[in-house]
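Chemist: Here is the input, now give the coordinates:
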Amino acid sequence: MQTYWTYVFVYYSVSYFKLQFIMLRQVMSLMWPSAIWSTNHFIIRNLSSNNSGRKKLIILGTGWGSYSVLKNIDKKQYDVAVVSPRNHFLFTPLLCSTTVGTLEFRSIIEPVRNSHFRHSKDYHFSSAVSVDSRRNVLLCKSEVDESVRYELHYDKLVIGVGAVSNTFGVPGVLEHACFLKEIKDAREIRSRIINNFELAVQPKSTQEDQERLLHIVIVGGGPTGVEFGAEVYDFLKQDVSFLYGDMQKIVRVTLIEANHILASFDKLLRDYAENKIAKREQFELLQATVSEVKKDRVVLTDGKEIPCGLVVWSTGLSPRNFTRRLQFPKNKQHQLITNEYLSVLDTPDDTIFALGDCAEIKDKPLPSTAQVAERKGRWLAKYLNGEETEPFKFQNMGMLAYVGGYSALTDMKLPHGGADIKLKGFHSWILWRSAYLTRLGNWKLRMQVPVDWMKTFFFGRDSSQF
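Modeler: Below is the predicted model:
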């Protein structure tokens, strides 16, 4: 009984202080109409910012590179606007965890408007159509109403639109496979998994139907494909028997990779991951190439067909149509080529910059990873702020990958010529979770993610369909 009244006291105390804060915010809004009062900042808006003398900076995209620029740019020097069809930043390293309910979707996204723009109109829920580098004008198309098009003038333009999954022209991929790059992809995968289990337990499902529905094929053995397989393995071992009983014994997962999985990792760590996966009874590593994806099966180049209920395609990157249309120098992968200061070649000096998956530094190719994009964004913000004069240099901080069963891989090198660190197993899993927890964008997410982990550990994953 004492515990109950303690809970009631805490609940109403928190509610009281929350109400007081809301009232204070309303009072401040009346006293200073041009102010923003939040838990993080009190910002007095300059309503005459159009005549402030600040340069106009437009950032395309809300991925790792673009968002890093937005978070680090000096808004006293620039009027910053963001143009993106995605109104949130996505913490992609934990995206795989949302596909089976280990984490909830909103626990790994941060709304862009939380960045406190000078004016509400400084975020454009739109897509970039074209760039006129002679007039310094960007043509945009509204995502709400595609018939609405408008132009924006810029003094500086940062292109960080990312890339899309590469299908390599394989027939049926766009129609029948799921990708894993955005929240909507993870939601589709989660929905498909639940639907397939529900179909498998219905009365008219035959043994053949069940085996097909509960067979998941992953194409691509990079970190995304391996980590998705790891999350499915945990879901299978920890939740499926409780939720779907004997269906657990029917589930199968096939990981298809043309070469070796986790090719960018050290060989010892790669071998550890391959052995770990190969020992799992219902998992199969298959060294092969896919020639076609059909509605209910995958066809390999040797003619073999693999019946399945879900195909997850994770095999590299391809440029967006916007990047393809730009009349700037590109490499063979159609990425924009920049100099060491991230300025796009053959454009006015220090006017148009590019970073992330859509760009590459001339003669200095770097991997298309979140770490590279985030580091470029941070450097570019300092450069634009006048705090950096040296060209961009990338120092790899290492790589992490989860392989399931509370085991992970750590492949990193200490800075300033330090020793190599190669870890695997449970200790690496602790490091994997700790590292990503500290890299989450704000304290709200740093609180939500551990709560989701605890809920999953004690109560299992949520299999609700909505």
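Chemist: Not counting sequence-adjacent ones, nearest residue to residue 449?
Modeler: The shortest distance from residue 449 to any non-neighbouring residue, by CB to CB, 6 or more residues apart in numbering, is to residue 107 (5.3 Å). (Glycine included, C-beta is placed from N, CA and C.)
Chemist: State the distance from the one you found to residue 170.
Modeler: From residue 107 over to residue 170 the distance is 33 Å, taken as CB to CB, to the nearest Å.
Chemist: In terms of neighbours, single out the busier of those two.
Modeler: residue 107 (22 against 19; other CB atoms under 10 Å).
Chemist: Need the per-residue pLDDT for that one.
Modeler: On pLDDT, residue 107 comes in at 96.
Chemist: ok, it touching residue 446?
Modeler: No. Between residue 107 and residue 446 there is no contact under CB atoms under 8 Å: 10.0 Å.
Chemist: could you point out where this protein is predicted with low confidence?
Modeler: Low-confidence segments of the chain (pLDDT under 70): 1-52, 416-418.
Chemist: Give me the nearest residue to the residue nearest the centre of it, chain neighbours excluded.
Modeler: A centroid search over the chain (CA atoms, centre = their mean) returns residue 92, at 2.5 Å, as the residue closest to the centre. Spatial nearest neighbour of residue 92, chain neighbours left out: residue 370 (5.8 Å); criterion: CB to CB, 6+ apart.
Chemist: Would you state the helices of the stretch 101-250 of the chain in chain order?
Modeler: 173-176, 183-200, 207-213, 223-235, 241-244 (DSSP state H, counting those that start in this stretch).
Chemist: Could you pull out the buried residues of stretch 135-149?
Modeler: Within stretch 135-149, the residues that count as buried by 16 or more other CB atoms under 10 Å are 136, 138, 140, 141.
Chemist: do stretch 182-189 as well
Modeler: By 16+ other CB under 10 Å, the buried positions in stretch 182-189 come out as 182, 183, 185, 186, 188, 189.
Chemist: separation between the nearest residue to the fifth one once chain neighbours are set aside and residue 280?
Modeler: Counting by CB to CB, 6+ apart, residue 178 is the residue found nearest to residue 188 once chain neighbours are left out, at 5.5 Å. Remark: distance between residue 178 and residue 280 (CB to CB) = 22 Å.
Chemist: of the two, who's got more company?
Modeler: residue 178 (21 against 16).
Chemist: show me what contacts that one?
Modeler: Neighbour list for residue 178: 185, 188, 189, 192, 310, 311, 312, 313 [criterion: CB atoms under 8 Å, 6 or more residues apart in numbering].
Chemist: neighbours of the fifth one, just the number please.
Modeler: Residue neighbour count, defined by other CB under 10 Å, stands at 21 for residue 310.
Chemist: how far away is it from residue 191?
Modeler: Where residue 191 is concerned, residue 310 sits at a distance of 10 Å (CB to CB).
Chemist: Could you report the separation of residue 419 from residue 133?
Modeler: Going from residue 419 to residue 133 by CB to CB gives 46 Å.
Chemist: The two: which has the busier surroundings?
Modeler: Neighbour count, other CB under 10 Å: between residue 419 and residue 133, residue 133 has more, with 17 against 8.
Chemist: Can you tell me the SS state at the closest residue to the more buried one other than its chain neighbours?
Modeler: Using CB to CB, 6+ apart and skipping residues adjacent in sequence, the residue nearest residue 133 is residue 347, 5.3 Å away. Under DSSP: H, G, I helix; E, B strand; the rest coil, the three-state class of residue 347 is coil.
Chemist: For residue 131, see how far away residue 347 is.
Modeler: When CB to CB is the yardstick, residue 347 and residue 131 sit 9 Å from each other.
Chemist: do residue 413 as well
Modeler: Taken as CB to CB, the span from residue 413 to residue 131 is 38 Å.
Chemist: When those two are compared, which one has more neighbours?
Modeler: With neighbours defined as other CB under 10 Å, residue 413 and residue 131 compare such that residue 131 has more, 24 against 15.
Chemist: quick one: contacts for the residue nearest to residue 136 when sequence neighbours are not counted?
Modeler: Among residues not flanking residue 136 along the chain, residue 154 sits closest, at 5.5 Å (CB to CB, 6+ apart). Residue 154 sits next to 56, 57, 58, 136, 137, 138 when contact means CB under 8 Å, 6+ apart.
Chemist: Tell me the one among those residues nearest to residue 222.
Modeler: residue 58 (32.0 Å; CB to CB).
Chemist: and the closest one, what element?
Modeler: Assigned by DSSP states H and E, residue 58 belongs to strand 55-60.
Chemist: For that strand, name the packing helices and strands.
Modeler: helix 64-72, strand 78-83, strand 156-159 (3 or more CB pairs under 8 Å, 6 or more residues apart in numbering; DSSP states H and E).
Chemist: closest one to residue 426 among the ones you listed?
Modeler: Among the helices and strands packed on strand 55-60, if distance is taken as CB to CB, the winner is helix 64-72, at 28.4 Å.
Chemist: Check the offset of the closest one from the chain's centre.
Modeler: 14 Å (CA atoms, centre = their mean, to the nearest Å).
Chemist: what's the angle from that helix to strand 55-60?
Modeler: 150 degrees (axes from the mean of the first three to the mean of the last three CA atoms, to 10 degrees).
Chemist: buried set for helix 64-72?
Modeler: Buried residues in helix 64-72 (16+ other CB under 10 Å): 64, 65, 66, 67, 68, 69, 70, 71, 72.
Chemist: so which of these comes closest to residue 274?
Modeler: Lowest distance from residue 274 to these (CB to CB) belongs to residue 64, with 28.6 Å.
Chemist: before we move on, which element is the closest residue in space to that closest one that isn't next to it in sequence in?
Modeler: In space, and not counting its chain neighbours, residue 64 is closest to residue 373: 3.9 Å by CB to CB, 6+ apart. Taking DSSP H and E as the criterion, residue 373 maps to helix 370-385.
Chemist: Output that helix as PDB, nothing but the C-alphas.
Modeler: The C-alpha trace of helix 370-385 is given here as PDB (Å, rounded to 0.1, in the frame of the first residue of the first chain):
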ATOM      1  CA  ALA A 370      27.700   6.900 -41.200                       C
ATOM      2  CA  GLN A 371      31.000   7.500 -39.600                       C
ATOM      3  CA  VAL A 372      32.500   9.100 -42.700                       C
ATOM      4  CA  ALA A 373      29.400  11.200 -43.400                       C
ATOM      5  CA  GLU A 374      29.100  12.500 -39.800                       C
ATOM      6  CA  ARG A 375      32.800  13.400 -39.700                       C
ATOM      7  CA  LYS A 376      32.600  15.200 -43.000                       C
ATOM      8  CA  GLY A 377      29.500  17.100 -41.800                       C
ATOM      9  CA  ARG A 378      31.200  18.200 -38.500                       C
ATOM     10  CA  TRP A 379      34.400  19.300 -40.400                       C
ATOM     11  CA  LEU A 380      32.300  21.200 -43.000                       C
ATOM     12  CA  ALA A 381      30.400  23.100 -40.300                       C
ATOM     13  CA  LYS A 382      33.700  24.200 -38.700                       C
ATOM     14  CA  TYR A 383      35.100  25.200 -42.200                       C
ATOM     15  CA  LEU A 384      32.000  27.300 -42.900                       C
ATOM     16  CA  ASN A 385      32.200  28.800 -39.400                       C
END
